[in-house]
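J.: My questions concern the predicted model and sequence given below.
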Amino acid sequence: MEIRPITFRDASEFINKYHRHHRATVGCKFCLALYDAEKLVGVAVCGRPVSRVLDDGRTCEINRLCTDGTENACSMLYGACCRVAKEMGYLRVVTYILESENGASLKASNFVCEGRAGGTHWTGKRDTGVDTPKEFKTRWVKTLYKHHTGPQKCGSALLGG
């Protein structure tokens with residue numbers, strides 16, 4: 001399998017076709033694709049952190065990661081996102097998964113779970129009525145430089161974000 005660049009439009013089309021519970025994002029800093037020969041099997045969209053608290057200019061968020069179920073595709077995309085983010089000067093990468101997901105690919109990619117984050121759904125003006133799972137998420141972080149000290153692992157404590 002091979003990591004390749006992909007346009008935001010093509011990544012969004014793949015996400016809208018295959019993602020189990022989210023539509024594509026509205027923007028990004030960069031997108032990556034994973035191909036098996038000439039077949040597109042996964043995409044990742046990376047951008048600014050959704051949480052204003054984490055948006056420090058040196059933190060990159062993997063806003064969407066989506067595959068067609070190809071084995072090891074998620075781990076390959078997580079690793080590639082971290083390598084690109086590091087080359088771009090980011091200090092850490094964060095992402096979120098549903099609390100019901102086990103995070104195996106994130107663990108394999110050396111991300112650390114910081115615990116429960118956010119709420120069960122959007123509220124207020126930003127609530128567009130999109131039908132997404134009504135459950136908490138967990139935040140995962142990977143520090144890209146050893147000298148950077150970010151938030152500490154805190155088990156299942158509720159984190160802002």
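T.: Looks like it arrived, so ask away.
J.: Going by C-alpha atoms from here, please, whenever you check contacts or count neighbours.
T.: Fine.
J.: This structure: strands as residue ranges?
T.: Remark: strands assigned in the chain by DSSP state E are 2-5, 30-36, 39-47, 59-67, 92-98, 112-117, 137-143.
J.: most tightly surrounded among the ones you listed?
T.: Of all those, strand 59-67 carries the top mean neighbour count, a mean of 24, counting by mean count of other C-alpha atoms under 10 Å.
J.: can you list contacts of it?
T.: Strand 59-67 is contacted by residues 14-15, 18-19, 24-25, 41-50, 73-74, 77, 81, 85, 90-96 when judged by C-alpha atoms under 8 Å, 6 or more residues apart in numbering.
J.: coming back round to it: and the strands of the chain as TSV, adding mean pLDDT and distance to A104?
T.: Formatted as TSV, the strands of the chain follow (pLDDT from 0 to 100; distance: least, C-alpha to C-alpha, whole Å):
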stretch	mean pLDDT	distance to A104
strand 2-5	96	20
strand 30-36	96	18
strand 39-47	94	17
strand 59-67	92	14
strand 92-98	91	11
strand 112-117	87	11
strand 137-143	90	12
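J.: For these, give me TSV that also has distance to L106.
T.: Below are the strands of the chain laid out as TSV (distance: least, C-alpha to C-alpha, whole Å):
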stretch	distance to L106
strand 2-5	17
strand 30-36	17
strand 39-47	13
strand 59-67	11
strand 92-98	9
strand 112-117	8
strand 137-143	8
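J.: is the nearest residue to A11 once chain neighbours are set aside in a bridge, and if so with what?
T.: Spatial nearest neighbour of A11, excluding adjacent residues (C-alpha to C-alpha, 6 or more residues apart in numbering): V43 at 6.0 Å. Counting by DSSP bridges, V43 forms beta bridges with A33, C66.
J.: was I right about V94 contacting W140?
T.: Yes - with contacts counted by C-alpha atoms under 8 Å, V94 reaches W140, the gap being 5.6 Å.
J.: So for the helix ranked longest in the chain, what gets flagged as buried?
T.: As assigned by DSSP state H, the longest helix anywhere in the chain is helix 73-87. Counting neighbours by 16 or more other C-alpha atoms under 10 Å, one finds that the buried residues in helix 73-87 are 73-82, 85-86.
J.: Tell me the bridge partners for the residue sitting nearest the centre point of the chain.
T.: Against the mean C-alpha coordinate of the chain, by C-alpha atoms, centre = their mean, the closest residue is I62 at 2.8 Å. Going by DSSP bridges, I62 is paired in beta bridges with C46.
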